[in-house]
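*Asks:* Here is the input, now give the coordinates:
(one chain, ligands or ions: 2)
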Amino acid sequence: MSYAELYQRSLTDPDGFWLEQASNIPWIKTPTVGLSQDENGAWRWFEDGQLNTCYVALDQHVAAGRGDQVALIYDSPATNSIAKFTFAELTDWTARVAGGLVSLGVGKGDRVVIYMPMVPETVVAMLACARIGAVHSVVFGGFAAPELATRIDDATPKVVISASCGIEFERIIPYKPLLDEAIRLSEHKLAHTVILQRPQCVADMTEGRDVDWTSWAAEAQAHECVAVSATDPLYILYTSGTTGKPKGVVRDNGGHAVALEYSMSSIYGVDAGDVYWAASDVGWVVGHSYIVYGPLFKGCTTILYEGKPVRTPDAGAFWRVIADHRVKSFFVAPTAFRAMKKEDPDCELKAQYDISSLKYQFVAGERLDPPTYHWLQENLPGIPIIDHWWQTETGWSICTNMAGVELLETKPGSPTLPAPGYDLRVLDESGHELGPGQEGAIVIKEPLPPSGFPTVWGDHDRYVDSYFSQFPGFYLTGDGGYRDEDGYVYVMGRIDDVINVAGHRLSTGQIEEVVAGHPAVAECAVIGIEDVDKGQVPMGLMIVKDGLNIEAATLQAELVQMVRDNVGGIANFKRAVVVPRLPKTRSGKILRAVMRKMVDGQPYVVPSTIDDPAIIDEIQGCLVEAGVISSS
Ligand code: COA
Ligand code: AMP
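*Replies:* Ligands and ions are numbered 1, 2, ... in the order given. The predicted model follows:
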């Protein structure tokens, strides 16, 4: 079937289309219902189905005779080691860790927070939760203690699983002090933590509360897979919204398994036995979907890479991994290629490796800027460079080129066409559909296809308010863009206060809360400005309290440290400029977009609702003085 036929069918007969895909999953109770609505009115998939996600990822392959196939390759230049685990080994290990969790009182529906580096134990911990129907919430290791505390308070876990440290290039980052601080800051009190002691750094343990992973996992009794409803939650993944408080995106078991299994062959062009690699972090949705669940559902070998694109040891690291493990389909954020391009502009290091196994190059996480697209095209001749667009909220692609169905023409700057099940529209501010070339808000007509999130953890009103109230009947993606004459989608950037820093999704509100907390700051605005390496970086504009005499450089240094301590180094907050006033509308809304465009050198229109137009020249003067923009 062609892409066009497939896509059409997914919209005209969603139940039939997705129930057919659902037949590829080993259900405990096969669903007979496709779509339905729950008590909140949210659309759900496969409500009468029962399954176990860990069984789909692991046990089914052992039962089918693939137990000796390698399921997981841990490739870690950070520790100079490589380890391989077969489906049988991973199943046994996961079953024991599941038993260990049960021994700590964790049961179906209980939450477990996982704050871990890129080690196999992280994957096992996630799958072990799924095995017993517990809900995991993985927190990216780059987040500072207050961010972890916020997530602990929201998810109220019974147990937190963590490690003594992470490794960033040559630096050891002790995790345990961050976890201890997060536990101190959080109101929710937990009974236990389980700590993986890594040889690079041994953590101090709190007697009675902290459990040692190694002896705990060794002594635990293996636990069987527990049947859960298709609509039961599998995980919560916190993501940045427009306010400082992150949103707990909930993912269910059934729709997730069906959509991800489907995506592996139809989008990524891989089958059981193929080697698939997503060079992301398990702390992000890409890591959940395409380091852990998707490839394992399909019976692929997946790679867990504890390293960077550069300096581990050089900009040839990715080519080395592809060659060593015969990777067929590779997925990474464009920012990683920009880092490589900077160090090896002519891609000379690639010549040292045989990367003939590579058939498809996928990118996502941020806009694929045309220079990076052309660099890839030049250096990977004959390999399709496939940009695809998706979000934590969907768990898989909204727009893509379906390599396993029909490779369509690619156009630089476009993630091609909507994936099956996504009825995509571009709307103007009053909700009217826009035509080709006209830029507006990208929305998806309800219902979202399987894996689409059914709620925000503990706050269904926020789900409705944030995503479904602006254009009733449509899911607001938060991204703006347009379609061309052929329907190709162009995603141009966020239309809210979310920014994308080196493929990491952050909220300006989150950083603003920290900056506003400095005793010298009366008021502030944080904006995301263009950056050649990271895509975007945040920049602060602050008004200093009257009568305070603080050097701009001192204030900037203090704010940079505060953002590191409260959000994390990944925020890449390095610039803060003192201004006398902030531009606002008469109703008090800060004109962030005007300031962002001013810094990025883009044309901007000052709205007629501005409080005092003279502020614009004042801000411009401050930015010139601070060396952010030039005077011309
Ligand atoms: N734990 C602790 N600290 C971390 C961390 C982690 N897991 N990840 C990053 N950091 C730190 C870095 O060490 C750095 O610290 P520094 O300011 O003291 O040097 C800081 O946070 C900024 O990190 P980053 O902007 O990520 O830069 P980097 O040089 O460490 O890495 C890339 C560059 C391109 C490799 C990295 O940004 C990347 O892989 N991005 C892709 C993200 C992604 O996959 N997103 C998912 C969508 S596809
Ligand atoms: P996250 O939820 O962390 O995966 O971030 C999702 C956001 O990243 C989207 O809303 C987009 O703003 C951005 N994004 C992801 N993939 C792409 C892409 N291929 N092109 C443009 N933006 C993207």
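*Asks:* Check what pLDDT the residue in the stretch 301-450 of the chain that ligand 1 sits nearest to gets.
*Replies:* Among residues of the stretch 301-450 of the chain, the one nearest ligand 1 by CB to the nearest ligand atom turns out to be residue 365. It sits 2.7 Å away. (Each C-beta comes from the backbone N, C-alpha and C, glycine too.) You'll see residue 365 listed with a pLDDT of 94.
*Asks:* who are the neighbours in contact with it?
*Replies:* Residue 365 is in contact with 280, 284, 286, 333-335, 500, 503, counting by CB atoms under 8 Å, 6 or more residues apart in numbering.
*Asks:* That one: what secondary structure?
*Replies:* Using DSSP: H, G, I helix; E, B strand; the rest coil, the secondary structure recorded for residue 365 is coil.
*Asks:* which strands and helices sit next to the strand or helix carrying residue 96?
*Replies:* Secondary structure here is read from DSSP states H and E; on that basis residue 96 sits in helix 87-103. With contacts defined as 3 or more CB pairs under 8 Å, 6 or more residues apart in numbering; DSSP states H and E, helix 87-103 has these neighbours: helix 60-63, strand 70-76, helix 120-131, helix 213-219.
*Asks:* I'd like the distance from it to the chain centre, please.
*Replies:* Mean-position distance between helix 87-103 and its chain equals 26 Å (CA atoms, centre = their mean, to the nearest Å).
*Asks:* Could you list the paired strands of the helix or strand following that helix along with their orientation?
*Replies:* Beyond helix 87-103 in the direction of the C-terminus, DSSP H and E gives the next helix or strand as strand 111-115. Based on DSSP bridges, the strands next to strand 111-115 in the sheet, each with its direction, are strand 135-138 (parallel), strand 159-163 (parallel).
*Asks:* interface residues of this structure facing ligand 1?
*Replies:* Proximity of the chain to ligand 1 is assessed by CB under 6 Å from any ligand atom, with 141-142, 166, 168, 173, 280-281, 284, 286, 308-309, 333, 335-336, 339, 364-365, 502-504, 534, 569-570, 572 identified as the residues in range.
*Asks:* just the buried members of those residues?
*Replies:* Neighbour-count burial within these applies to 141-142, 166, 173, 280-281, 284, 286, 308-309, 333, 335-336, 339, 364-365, 502-504, 534, 570, 572; the criterion is 16 or more other CB atoms under 10 Å.
*Asks:* thinking again about what came up before, for the contacts of residue 365, work out which two are farthest apart.
*Replies:* When those are compared pair by pair using CB to CB, the farthest-apart members prove to be 284 and 334, with a separation of 14.5 Å.
*Asks:* okay, now the domains of the chain?
*Replies:* 3-405+413-481, 502-625 (automatic domain parsing).
*Asks:* and residue 539, which of the three is it?
*Replies:* In the three-state summary, residue 539 is assigned as strand, counting by three-state DSSP.
*Asks:* partners of it in the sheet?
*Replies:* With DSSP bridges as the criterion, the beta-bridge partners of residue 539 are residue 527, residue 575.
*Asks:* right, and it touches residue 628 too?
*Replies:* Yes: with contacts defined as CB atoms under 8 Å, residue 539 counts as touching residue 628 at a distance of 7.4 Å.
*Asks:* what's the overlap in contacts for these two?
*Replies:* Taking CB under 8 Å, 6+ apart as the contact rule, residue 539 and residue 628 both touch 575, 577, 599.
*Asks:* which among those residues gets closest to residue 621?
*Replies:* For those, the closest approach to residue 621 (CB to CB) belongs to residue 577, at 10.8 Å.
*Asks:* What's the separation between that closest one and ligand 1?
*Replies:* Between residue 577 and ligand 1 the distance, using CB to the nearest ligand atom, to the nearest Å, works out to 20 Å.
*Asks:* so residue 442 bridges to which residues?
*Replies:* The residues that residue 442 bridges to, once DSSP bridges is applied, are residue 426.
*Asks:* related to what we said a few turns ago, just the strands paired with strand 111-115: most buried one?
*Replies:* Highest mean neighbour count of the strands paired with strand 111-115: strand 159-163, a mean of 27 (counted as mean count of other CB atoms under 10 Å).
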